[in-house]
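Visitor: below are the sequence and a predicted model; questions follow.
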Number of protein chains: 4
Amino acid sequence: MVTKLALLGAGRIGKVHAKAITTDSRAQLVAVVDAMAGAAEAIAREAQCKVSTIDEVLADKTIDAVIICTPTNTHADLIERFARAGKAIFCEKPVDLDVARAEACAKVVEETGAKVMLGFNRRFDPHFQAVHKAIEDGRIGKVEMVTITSRDPGPPPAEYIKVSGGIFRDMTIHDFDMARFLLGEEVESVFATGSVLVNPEIGALGDFDSASIILTTKSGRQAIISNSRRATYGYDQRIEVHGSLGSAAAENQRPVSIEIANAEGYTRPPLHDFFMTRYTAAYAAEITAFIDSIENNVAPSPSIKDGLVALKLADAALKSTASKAAVKIG
Amino acid sequence: MVTKLALLGAGRIGKVHAKAITTDSRAQLVAVVDAMAGAAEAIAREAQCKVSTIDEVLADKTIDAVIICTPTNTHADLIERFARAGKAIFCEKPVDLDVARAEACAKVVEETGAKVMLGFNRRFDPHFQAVHKAIEDGRIGKVEMVTITSRDPGPPPAEYIKVSGGIFRDMTIHDFDMARFLLGEEVESVFATGSVLVNPEIGALGDFDSASIILTTKSGRQAIISNSRRATYGYDQRIEVHGSLGSAAAENQRPVSIEIANAEGYTRPPLHDFFMTRYTAAYAAEITAFIDSIENNVAPSPSIKDGLVALKLADAALKSTASKAAVKIG
Amino acid sequence: MVTKLALLGAGRIGKVHAKAITTDSRAQLVAVVDAMAGAAEAIAREAQCKVSTIDEVLADKTIDAVIICTPTNTHADLIERFARAGKAIFCEKPVDLDVARAEACAKVVEETGAKVMLGFNRRFDPHFQAVHKAIEDGRIGKVEMVTITSRDPGPPPAEYIKVSGGIFRDMTIHDFDMARFLLGEEVESVFATGSVLVNPEIGALGDFDSASIILTTKSGRQAIISNSRRATYGYDQRIEVHGSLGSAAAENQRPVSIEIANAEGYTRPPLHDFFMTRYTAAYAAEITAFIDSIENNVAPSPSIKDGLVALKLADAALKSTASKAAVKIG
Amino acid sequence: MVTKLALLGAGRIGKVHAKAITTDSRAQLVAVVDAMAGAAEAIAREAQCKVSTIDEVLADKTIDAVIICTPTNTHADLIERFARAGKAIFCEKPVDLDVARAEACAKVVEETGAKVMLGFNRRFDPHFQAVHKAIEDGRIGKVEMVTITSRDPGPPPAEYIKVSGGIFRDMTIHDFDMARFLLGEEVESVFATGSVLVNPEIGALGDFDSASIILTTKSGRQAIISNSRRATYGYDQRIEVHGSLGSAAAENQRPVSIEIANAEGYTRPPLHDFFMTRYTAAYAAEITAFIDSIENNVAPSPSIKDGLVALKLADAALKSTASKAAVKIG
C-alpha cells in the first residue's frame, strides 16, 4: 500500500518535507499547493506530481494525508478543515500562536478523531532518539536534570521575527517539547529570562534574541534551556540528561568530521549550517513515523496535545520574563 | 626571599594546601595548627615543620602569612585577628555563612589594610584560566552567556551538610565566583530552584541536593549554573562561554585519558574523583598567586570582597527558592 | 537529460548501487541483470524497472551506461563487451585478479575510448574528500607520511576468501588506492607482512587476516597501512596525513554519536557495522561523479588505470610477504 | 628510610630527573656532578645539595644510587664503575651506541649483581600504563597489532644529530621499547624505511628524519612505528593496541584542553611542546619505581637487558634501510 500525500506550503520547510517523503517507499507525494505558483511548481517538477489547490486536495478521495507547511496563522484552520475531511494530518509547529485558538483546534481534532501529528522533528533525530532510548533502557537511572543548548547560526530577518510569535513560541518551543520528551514528567513551573544581545532590531520588535529558561516538574526534576539567535560556529543543538545512575548526552553534529593540526592547534570544521542539513535524518524518520501511524491506524506522536502543551510553556516563559517570577502551569 | 607560612587547620583541604606550598620554592610552611594534634602532626612531619597554636603564630614575627583552613564559623574571627597582627591571609571560602558577619570582617580587613585572598581555587585552574584568557584576548567577542556545570561525585555526610550553610553557600558559591569571573559584569539578579533528588536525608536537613540557577547582569548577559551533589562518573566541572564572535569551553578532566573499544563501544575512564585530584594544578597556582601578591606587595585576587559578593549571591539564591521569583542584588 | 543505467549483478554491492542511484535525479535505473532471478527481481521491484539479460542490455540503444557488480572473474569480459558496445561503464574493483588480464582489458578500453570508472568508493567519502581538499588547499604543506587504518568488523566466510584473490587484492586494494589518492606521488616500493591471527581457516586457505604494509615514493614519502579482518568495535576506517605544515585526519564514523557516562566511564556506541552503512554518502557521491563524467563527456576518475596500479601494488605486497623484502614497482 | 641519590650530568634531562626526585619523599638528591660547574651548581642550589665529582660519589658510602644523565659515550663506563662500587644505577638510554660495548657492560652488571634500571620513561606514563593494564586485565583479548606514532615537535641541531647514533638509536629506541612493552612477545623481524623530508642537513649527516618501521613476532603479531623529527602541532605521542576482543589507545596530551569555536571551526590548543612537559608524570613515576626496587631489593625494570634488546632492534632497523629487506633478530 502507498500513502498518497499532498504538501500544503512549498517554502523552505515544505521543500525539506518533500525531500523526506522520497526516502520512504510507502509514501508518495501526489500534489503540492502554494499561493506562489512558482514555488509549488518547483517541488512538483522534482517530485513528478501535480500542482493543486486546497479545495482540490480536500475533495480528492485518493489523497490520504496532508503535510501542512503554510504560514502559522493558517495552521489551525487547515487542521480543522482536513480533520473534517477525514485526512491524516502532519502539521508544522506551532498549531497557532494563540493558546485559545490552538485549544479550539485540538477540540475539533478530538471530535473528528483525526490523526494529527505535530512537527517536532527533533524527537526523531537519531542521536536524540538514542539518548531517549538510553533513558528508557534504564542506563542512567531516574532522570533528574536535563540541559538543552539550542542556538541558531544567525538571527532571522525582521520580517520573520514580526510574525514569529517571539523567540519562545518560535524557537524555544522545540526545546520545550524536547525537555518534555526527556524529563518523563510534566512541567509544573517555568522561569525565563530574555535579553537582546545579538541584534537591537529584534529588541525594537519587542522580542529577545538570547534566553535562559528553567523548567521544574512536580517531583523536582529540572530542565535548563539556553537559547541564542546567533552562534558563529553553526547550528548548536545539544542535549544532556543527568540521572541517578549516570548521564547521557548527544553532542553537536557536523557535515565532515576531519581534524587539522598545525601550530595553532587542532581544528575541526564548524557545525551544520542549519536545521535543513542538521536534521535531514530526523525529517525522514518523522515522515516514516507519520506513515507508520497511518498504516497501522494508531495515534501519531507527537500529537496536537503535545503541540498545545509546548505552546503553553512558551506563553508561561513570556509571562515569566515580565513578572521575573516562575509561572505555574495549568 | 622565602615567605614563611603557617597553616591553620589540618583537615582535608589543609592537606591540599600543605602540598601545594611545596610546589613554590619561594614558600615555606613553618607551622601547622589544629585542634586535633594528630592531624597537625601528620602534616608537620611531612613538611618538616613544627606544630603550633594560634597564639604562637600570631606572636611569631618571622611568620609572614597564614592559610586558614579551619571550620567556616572561625574564618571571620581568624581573619580579623591575623589582619590586626599584620599577617597576609589566605582564607578558604566562605568568609562566614552570615553576610553581616562577613561584611564586618571585610571592614576590619579594609581598616587594617591587610592582604586577604579568598580561596576560589577554580579561577586558577589552567583550563579555566585559558578560557578566561580567550575572553580577554577577544577571541569570542563580547560575552553573552555563561554555562557552568558543577556536580560533586557524591553527597557529603549529614554532619557536613548541617554546618555547610546549604548547597548555595557551600557548593554553588564557587560557581557564583566563576560566573562573575567569566561574565565580566556584575550580577544584578538571581533566580534559583532547588530539589531533593539524590538523598532524602539532605532534604530532611532543609537543604537541596540539585539546583539550577540563572544569573543576569545589567546589560542582559546570562549565566546558567547546574548543580548536583551526585555524579556517578566523577567530579563534573565544566564551563562554557558563548560570545558574539564564538564560544570557549573547558571540558572535564580525567586522570588517564585512554579509550578502550570493543563490541559495547568506545569507553574512556571516569573523571577525577574530586577536587583534591581535579584541581591539583589550580591549588598550586593559587598559592603562587598568593606569594606573588605578598612579594610584589599588591592586593591579592580574589579578594575578601569577591568572597562577600559570592556570599550575597548565595543568599539571594536561597531567597529565590522560597519566593519562586528572581531576587535583585543590592 | 536522464542517464539510463543497467545494473549487472544484484548481490550485496549491487543493492548498494541501486540505492545510490536513487539519490541522483539525473540517473535512472532501467534494468537489472542477475543469474539469480529472485535477486534481480527484488531490486527491479523496488526501483520500478525491468529484469533483463546481458545481451538485452548490450542491444538496448536507450541504455547509456552499466554498473558492473558481478563476480570479479566476469569483470574484464563485461568491461570489454560493453566498451565495444559504446556504453559508459562503472565497474566494481578489481578489474581482474590477474594483472595481465586486467592490462589486456585496459587496452581494449583505451582502443574503444570507452568511459570506464573503477569503484574505489572511498575517494568519495565526504570526510576523506575533506582531508584531500585540505592537502590540495595547502593547509598541511607538503605531504610526507600517510597512515591508513582499515579493519573489517569480521572476517568473510571461507567461500568468499577462496575467490577473493587474497587480502591484498580484496581488501588492501582500497587502501592502496587511498594511499595513492593522498600521497600525491606514485608508489615506488612496497613492503608487506601478513599473519593469521583472527581465523586459522583463513590461513588454511593460504591467505592472511592481519597485515601491515609500508609504501614509499620516489621522493621518500611514506604510507603505512594496517589491516585486520576483525574489529570488535565496528568498521574501522581512518586516514591521517602528516605534512610539512601540519596534519589532517579523518576519524571513524558511527551511526549515533551519543555518550553515556557512569561509574565505568564515558561510553560512545560502536562504529558503523560495515561499508554499506559507513559509506552511504560515498556511494551516492560516486554515482554522481559517474553521471557527471557522462553528462560532461569527460574521462571518469578513478580510471581503469587506477584500478590496474592498485592491483599491481597488491601483487607486490603478496610477493613481499614471501621474499620478506621490499618489492619495486615497475 | 631515605634513599640518597647522586645525579651525574646536569643537562636538560638531568634537570628533569632532579625535579622528579623532589616528588618522592623517600628520595633525596645529595650530590650533583657535571663537567660544567655552572650547570651542576644551578641544580644543587635548587635541590639544596652539594656539587661533587665522580670519584667522590664513588667513594661516598652514604650515597645509595646514581642517576646517569651524562653523554651517551660515557654510559657504559659509568655503569660498570658504579656497579662495581655497589651502587644502584639509573641510566638514561641508550647503554651505548655500540651493541658489543653495551653487551660487555651488561655482562659486568650481571657479574656484580648491580641494580640497573634503564630510562625508558614512557613505560611509566600514566596513560600508556593504563593501556598496558587494560591488556594485562584481558580487556582487549590477545594482542595482535600495535601502532605507535612518535613525532618530535622539531629536529634537534646538527651537533646533536652527529653524536646521536641516528634516528633509530636515538629516537625510535623509545618506540622499540614501547612496542616490546605492549606486544607481549619478543620481536623476531624488523623492516624499516627512512627518508629525509624535514631537513636536508640531517640527510647530509647520513641520518633520516622520517621513518616507518614494521616489527613482527614469532606468532605473527605486528607493530608499526611512525617517526618524524617534526610535528608543527607539538609532541605527537600516541599508542594503540588492537586485540582479539577490542582495542586500547592512548591519545595525545595537551597542557590545556579548552576548545574555542568560531566561524572557522572548533579549535583545541597544540600538544605539549616536548618530553619535559609531556612526560612529567612519567619521570616522577619512573624515579618512584627505581626507589621501590632499591627499597624492596628487587630487580628494576626496564633492565639493562631491555636496553640491549632495544638497541639491537635499532641496529636491525638501520640495516634494513640499506638492504630494503626485513632483518631477523638473533
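Guide: Here it is on my side, so go on.

Visitor: distance check, residue A:168 against chain B.
Guide: Residue A:168 is 15 Å from chain B, where distance means CB to the nearest CB, to the nearest Å. Placement of C-beta: from N, CA and C, glycine included.

Visitor: number of residues surrounding that residue?
Guide: Residue A:168: 31 surrounding residues under other CB atoms under 10 Å in any protein chain shown.

Visitor: is it true that it touches residue A:211?
Guide: Yes: counting by CB atoms under 8 Å, residue A:168 does reach residue A:211; the two are 7.1 Å apart.

Visitor: so what sits against both of the two?
Guide: By CB atoms under 8 Å, 6 or more residues apart in numbering or on different chains, residue A:168 and residue A:211 have these common neighbours: A:192, A:194, A:317.

Visitor: secondary structure element holding the second one?
Guide: So that's residue A:194. For residue A:194, the host element (DSSP states H and E) is strand A:187-195.

Visitor: does anything pack onto that strand? Which helices or strands?
Guide: Secondary-structure packing of strand A:187-195 (3 or more CB pairs under 8 Å, 6 or more residues apart in numbering or on different chains; DSSP states H and E): helix A:173-183, strand A:210-217, helix A:304-323, strand A:327-328, strand B:187-195, strand B:210-217.

Visitor: at 7 Å what do you get?
Guide: Secondary-structure packing of strand A:187-195 (3 or more CB pairs under 7 Å, 6 or more residues apart in numbering or on different chains; DSSP states H and E): strand A:210-217, helix A:304-323, strand A:327-328, strand B:210-217.

Visitor: any chance of a markdown table for these, columns mean pLDDT and distance to residue D:217?
Guide: Below are those laid out as a markdown table (pLDDT from 0 to 100; distance: least, CB to CB, whole Å):
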| stretch | mean pLDDT | distance to residue D:217 |
| --- | --- | --- |
| strand A:210-217 | 98 | 58 |
| helix A:304-323 | 98 | 60 |
| strand A:327-328 | 98 | 69 |
| strand B:210-217 | 98 | 53 |
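
Visitor: which among those is found nearest to chain D?
Guide: Chain D lies closest to strand A:210-217 among the helices and strands packed on strand A:187-195, at 16.8 Å (CB to the nearest CB).

Visitor: now the element after the closest one, going C-ward?
Guide: Following strand A:210-217 in sequence, per DSSP H and E, is strand A:222-228.

Visitor: strand partners (parallel or antiparallel) of that next one?
Guide: Under the criterion DSSP bridges, strand A:222-228 sits next to strand A:143-151 (parallel), strand A:210-217 (antiparallel) in its sheet.

Visitor: let me have these in TSV, adding mean neighbour count as columns.
Guide: Shown next, in TSV, are those (neighbours: other CB atoms under 10 Å in any protein chain shown):
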stretch	mean neighbour count
strand A:143-151	24
strand A:210-217	26
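
Visitor: tally of neighbours for the residue lying closest to residue A:274 once chain neighbours are set aside?
Guide: Counting by CB to CB, 6 or more residues apart in numbering or on different chains, the nearest residue to residue A:274 once its immediate chain neighbours are dropped is residue A:235, at 5.1 Å. By other CB under 10 Å, the residues close to residue A:235 number 23.

Visitor: wait, residue A:235 sits on residue A:278?
Guide: Yes: Residue A:235 is within contact range of residue A:278, at 5.0 Å (criterion: CB atoms under 7 Å).

Visitor: and for the two, which residues touch both?
Guide: Common neighbours of residue A:235 and residue A:278 (criterion: CB atoms under 7 Å, 6 or more residues apart in numbering or on different chains): residue A:272.

Visitor: would you say residue A:109 is within a helix?
Guide: Yes: counting by DSSP: H, G, I helix; E, B strand; the rest coil, residue A:109 is part of a helix.

Visitor: for it, give its distance to chain D.
Guide: Distance of residue A:109 to chain D, given as CB to the nearest CB: 42 Å.

Visitor: in contact with that residue, which residues are there?
Guide: Residues near residue A:109 by CB under 7 Å, 6+ apart: A:79, A:83, A:116, A:304.

Visitor: where does the second one land in three-state SS?
Guide: At residue A:83 the chain is in helix, as set by three-state DSSP.

Visitor: likewise the first one?
Guide: Using three-state DSSP as the criterion, the local structure at residue A:79 reads helix.

Visitor: nearest spatial neighbour of residue A:203, skipping sequence neighbours?
Guide: Residue A:203's closest residue in space is residue A:196 (CB to CB, 6+ apart), at 3.4 Å.

Visitor: burial count for that neighbour?
Guide: Residues near residue A:196, counting by other CB under 10 Å: 19.

Visitor: who's in contact with it?
Guide: Listed by CB under 7 Å, 6+ apart, the contact set of residue A:196 reads A:202-203, A:208-209, B:220.

Visitor: surely residue A:310 meets residue A:177?
Guide: Yes: using CB under 7 Å, residue A:310 makes contact with residue A:177 at a distance of 4.6 Å.

Visitor: settle it for me: which of these two has more neighbours?
Guide: Neighbours were counted for residue A:310 and for residue A:177 using other CB under 10 Å; residue A:310 has more, 29 against 24.
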